[in-house]
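[1] here is the input, now give the coordinates:
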Amino acid sequence: MDIDFSPVLINWRFLASGLMLTLLLSAAAVMGATILGFAVSLTRVYGPRWLSLPLTFYVDSMRAIPVLVVLVWTFFAVPILIGVSLPPFWAALVALTIHLAAYVAEVVRAGIASVRAGQTRAALALGMSQRQVVLKIILPQAVVRMLPAFGSILSITIKDTAIATVIAVPELMRQSETIAAQSFRPMEVFTTAMIVYFLVLFPLTRGVDAFYRRVQHLGRS
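    Numbers count the residues shown, from 1 in each chain. Down below sits the predicted model:
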């Protein structure tokens, strides 16, 4: 078998630019999904009852629809609906954010529910407000318990950025496809892309697990 990685070596800067965009898109999507997911979950748990139904529908619908469908719909349908075209990067960011936020919301809700209700009753009996109970009693414990699930969401986000290649976002997978098509060396190029994803994700997930082991005692009650 003739194996030649020279196209990868020659175009390493091209691939590196795709990796940088992948990491940028991932970081922005994680931050946006975390903020939106926390807002949705806290509103469902502590907000007015009339908001619970639409927020539950949002969470369940996002978990029922493939992220690729959300991405393509955002890129092609949103301009028709609002008359404004989103650049590919921003369309991918919006789609990933609203899709992943549903999973974040469920992780946060489960983390809040895992804190014993007796702690809330005791804090309220001591004269603490609902806001103080959430910020000082519930969330500090819940966030620690959420860390393993958040580690999974982080790795899923980085992998899901590869889907953005269908709308021509020049991330790592898109750049790899371009080099593979030009060099006729798909095995070498995509093997390199696979290794790069592994080198990014494996230390990241191991790091989150190691950090959780160090702080997990803070989530016990």
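[2] make it CA atoms for all contacts and neighbour counts henceforth
    Fine.
[3] can you give me the buried ones in the lowest-mean-pLDDT helix or strand in the chain?
    Of all helical and strand segments in the chain, the minimum by mean pLDDT, DSSP states H and E falls on helix 117-125, at a mean of 82. For helix 117-125, burial by neighbour count (16 or more other C-alpha atoms under 10 Å) applies to 120, 123.
[4] CA atoms only: put that helix into CSV for me.
    The C-alpha trace of helix 117-125 is given here as CSV (Å, rounded to 0.1, in the frame of the first residue of the first chain):
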residue,chain,number,x,y,z
ALA,A,117,-34.9,19.3,49.6
GLY,A,118,-34.3,19.4,53.4
GLN,A,119,-31.4,21.8,52.9
THR,A,120,-33.7,24.3,51.2
ARG,A,121,-36.3,24.0,53.9
ALA,A,122,-33.7,24.5,56.6
ALA,A,123,-32.2,27.5,54.9
LEU,A,124,-35.6,29.1,54.4
ALA,A,125,-36.4,28.4,58.1
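[5] now what about it, what contacts it?
    Residues outside helix 117-125 that contact it (C-alpha atoms under 8 Å, 6 or more residues apart in numbering): 130, 133, 137-138.
[6] which parts of this protein are helices?
    Secondary structure of the chain (DSSP state H): helices located at 6-10, 12-46, 49-64, 67-82, 88-114, 117-125, 130-132, 139-160, 172-183, 186-215.
[7] and the second one with helix 172-183, angle?
    Inter-element angle recorded for helix 12-46 and helix 172-183: 150 degrees (by axes from the mean of the first three to the mean of the last three C-alpha atoms, to 10 degrees).
[8] could you say what helices and strands helix 12-46 packs with?
    Counting contacts by 3 or more C-alpha pairs under 8 Å, 6 or more residues apart in numbering; DSSP states H and E, helix 12-46 packs against helix 49-64, helix 88-114, helix 139-160, helix 172-183.
[9] list the buried ones in the last one?
    Across helix 172-183, burial judged by 16+ other C-alpha under 10 Å covers 172-180.
[10] from the chain's centre, how far out does it sit?
    How far helix 172-183 lies from its chain's middle: 25 Å, per C-alpha atoms, centre = their mean, to the nearest Å.
[11] what sits up against it?
    Under C-alpha under 8 Å, 6+ apart, the answer for helix 172-183 is 7-8, 11, 14-22, 162, 165, 168, 185-186, 189-190, 193.
[12] any of the residues you listed buried? List them.
    Judged by 16+ other C-alpha under 10 Å, buried ones among these: 7-8, 14-15, 18-19, 21-22, 162, 165, 185-186, 189-190, 193.
[13] so residue 169 makes contact with residue 89?
    Yes. Using C-alpha atoms under 8 Å, residue 169 is in contact with residue 89, at 5.7 Å.
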